[in-house]
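A.B. asks: I'd like to go over a predicted model; first the sequence, then the structure.
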Amino acid sequence: MLQLEWILLFLLLGSFVGFMAGLLGIGGGGILVPTLTSIFLLHGIAIDHVVHLALGTSMACMVITSFSSFRSHNAKGAVVWLAVKGMVLGIILGTFTATFLASYLSSLYLGIFFALFMAFVATQMFLNKKPKPSRQLSGPAGLFSAGLGIGSISALVSIGGGSLTVPYLTWQNIDIKKAIGTSAAIGLPISITGTIGYLINGWSFSSVNDYILGYVYLPAVVLISVTSFITAPYGALLAHKLPVSLLKKVFAVLLIILSIKMLISII
């Protein structure tokens, strides 16, 4: 899989994912998982494991970008640490446990769940629906429960949790900029814990000769992470100059198309 054309493809994929993340404030899982699924199928990865490998690889790709995003938001004082401290244990527990669940599910069921969740995300983006602040920040039990749910879903669809965390915190009367910053902080433990979980649960699938460790394809992680880290700031710069509301609707359609394509390829 390490032919020149595939190396260039991973670099290009990382560039696009990073740029869109910076431009629209979204994670890369919606693009990476269906695209990596198609790439891995072309290279003969067994269909029983192909979505697992795509999920684990996508999760590992998020570690660097999550750290970069978190550091940037924290420097601007946009992280509500009370929320992070209340949610992080649930996040870690939910994410790690869900990787075990994912290892027992077939690629078809994982693909169906991924497609349904992306349809939810796309609808949210297309309609630009935002919950109205209607209550104060929950106590420890509420935050832990929210973290548990967000972490679990994030691991099953390989996202940083932003599409769930931001609406949840906004509903809890957290300013939108701080909700995004806090979501970025939560994305780091999600990506690290999810990567560890997919490494452990896919360990028997490892192939040193093919650079596969657990459910993580290492060359893709390195190449995608490097270029996404470089291009994300450029997307953020253009966010103030382009019609982001229109771009979100176009991107929502792209998510649906990619999800449908992935479903067709694994059925």
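C.D. replies: Received it, and whenever you're ready, just let me know what you need. Residues are numbered from 1 along each chain as shown.
A.B. asks: Give the residue spans of this structure that score low on pLDDT.
C.D. replies: By pLDDT under 70, the low-scoring segments of the chain are 1, 25, 27, 130-131, 239-240, 244.
A.B. asks: pretty sure G161 is in contact with L188, am I right?
C.D. replies: No. Counting by Cβ atoms under 8 Å, no contact exists between G161 and L188, whose distance comes to 10.1 Å. Yep, even glycine has a C-beta here, placed from its N, CA and C like the rest.
A.B. asks: So for the two, which sits in the more crowded spot?
C.D. replies: G161 (31 against 22; other Cβ atoms under 10 Å).
A.B. asks: Name the nearest residue to the more buried one, sequence neighbours excluded.
C.D. replies: Leaving out its chain neighbours, the residue that sits closest to G161 by Cβ to Cβ, 6 or more residues apart in numbering is S154, at 4.4 Å.
A.B. asks: Now do the SS call for the one you found.
C.D. replies: The local conformation at S154, judged by DSSP: H, G, I helix; E, B strand; the rest coil, is helix.
A.B. asks: mind checking how far the spatially most central residue of the chain is from A46?
C.D. replies: Most central residue of the chain, judged by C-alpha distance to the mean C-alpha position with Cα atoms, centre = their mean, is I159 at 2.0 Å. Distance of I159 to A46, computed by Cβ to Cβ, to the nearest Å: 24 Å.
A.B. asks: Please report the distance of S134 from L12.
C.D. replies: Here S134 is placed at a distance of 43 Å from L12 (Cβ to Cβ).
A.B. asks: Same drill for the two, tell me which one is more crowded.
C.D. replies: When S134 and L12 are compared for neighbours, L12 comes out ahead with 13 against 9, by other Cβ under 10 Å.
A.B. asks: and that one, backbone torsions?
C.D. replies: Reported as degrees, to the nearest 10, the phi and psi values for L12 are phi -70, psi -40.
A.B. asks: All further residue positions should be reported with the first residue as 33.
C.D. replies: In the new count, where the first residue is 33, that last one comes out as L44.
A.B. asks: residues contacting it?
C.D. replies: Neighbouring residues of L44 by Cβ atoms under 8 Å, 6 or more residues apart in numbering: T259.
A.B. asks: where along this structure do the helices fall?
C.D. replies: Secondary structure of the chain (DSSP state H): helices located at 36-56, 61-74, 79-107, 113-136, 139-159, 172-189, 194-203, 208-233, 250-270, 276-298.
A.B. asks: Can you tell me which of the ones you listed is nearest to N241?
C.D. replies: Of all these, the one in closest proximity to N241, counting by Cβ to Cβ, is helix 250-270 (12.0 Å).
A.B. asks: Just want the angle from the closest one to helix 36-56.
C.D. replies: With axes from the mean of the first three to the mean of the last three Cα atoms, to 10 degrees as the criterion, the two stretches helix 250-270 and helix 36-56 enclose an angle of 30 degrees.
A.B. asks: tilt between helix 250-270 and helix 276-298?
C.D. replies: Note on geometry: by the same axes, to 10 degrees, helix 250-270 and helix 276-298 are set 160 degrees apart in direction.
A.B. asks: Against which helices or strands is helix 250-270 packed?
C.D. replies: Helices and strands touching helix 250-270, as assessed by 3 or more Cβ pairs under 8 Å, 6 or more residues apart in numbering; DSSP states H and E, comprise helix 36-56, helix 79-107.
A.B. asks: So which of those is the most surrounded?
C.D. replies: Comparing these on average neighbours per residue, with mean count of other Cβ atoms under 10 Å, the densest one is helix 79-107 at a mean of 23.
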